[in-house]
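Undergrad: I would like to see how this sequence folds:
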Amino acid sequence: MTAPVPGWPVLAATAAAVVLVDQAGKVLALTALVDPIPVLPGVTLELSFNTGAAFSMGTGLTPLITLVASVVVLWIVASARRIVGRTWGVVAGLVGGGAAGNLVDRLFRPPGFARGAVVDYIDVSWFAAFNLADVAIVCGAALAALLVWRGVPAFGGNDPARR
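TA: Here you go, the predicted structure:
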């Protein structure tokens, strides 16, 4: 029997790419989106700031959301070496990178540390405003659901070294 493929290298690369692309998109939005730019019917690039969670739920709970996002990112980092398989590495990288990308905003953007607003810039008129970090989180969650449904284990078996 072959040894399981470790997922952490893929996790690290995916998370780093998500954070970099997300933050680059936010910098571009902050500097270039003066006026809304229609992309498709009902889809506009428009700068907005979200102090709540996904889809502007929980506005005013920024410190709590910051704490939850921090715990998620730390749990993924702590679990990284136990993740088995490239696909689960992608899942953890998408979710962790997306959470980290939005956490950067919450920690370092106005109005202050751990109270910052997340930069959103993709506005779907019938749905919500969001950013690339949000897209990564949703794609990671959808892929995780598919893997769980198919019975693909995320972590190594009973080997104590894999725990």
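Undergrad: just the element for residue 147, please.
TA: Per DSSP states H and E, residue 147 falls inside helix 132-149.
Undergrad: show residues contacting that helix.
TA: If you take C-beta atoms under 8 Å, 6 or more residues apart in numbering as the criterion, helix 132-149 is touched by 18-19, 21-22, 25, 54, 87-88, 90-95, 97-102, 118, 120, 122, 154. Quick note: C-beta positions are derived from backbone N, CA and C, even for glycine.
Undergrad: what is the mean pLDDT for that helix?
TA: In this model, helix 132-149 has an average pLDDT of 96.
Undergrad: gap between that helix and the chain center?
TA: 9 Å (C-alpha atoms, centre = their mean, to the nearest Å).
Undergrad: just the buried subset of the contacts of helix 132-149, please.
TA: Buried members of the contacts of helix 132-149, scored by 16 or more other C-beta atoms under 10 Å, are 18-19, 22, 25, 87-88, 90-95, 97-102, 118, 120, 122, 154.
Undergrad: so what's the residue count around residue 33?
TA: 16 (other C-beta atoms under 10 Å).
Undergrad: doesn't residue 44 make contact with it?
TA: No - using C-beta atoms under 8 Å, residue 33 is not in contact with residue 44; the gap is 9.7 Å.
Undergrad: picking up where we left off before, among the contacts of helix 132-149, which lie within strands?
TA: Counting by DSSP state E, the contacts of helix 132-149 place 118, 120, 122 in strands.
Undergrad: who's in contact with the first one?
TA: Okay, so that is residue 118. Counting by C-beta under 8 Å, 6+ apart, residue 118 touches 49-51, 102, 105-106, 109, 131, 133.
Undergrad: any idea of the pLDDT on residue 157?
TA: Here the pLDDT value assigned to residue 157 is 57.
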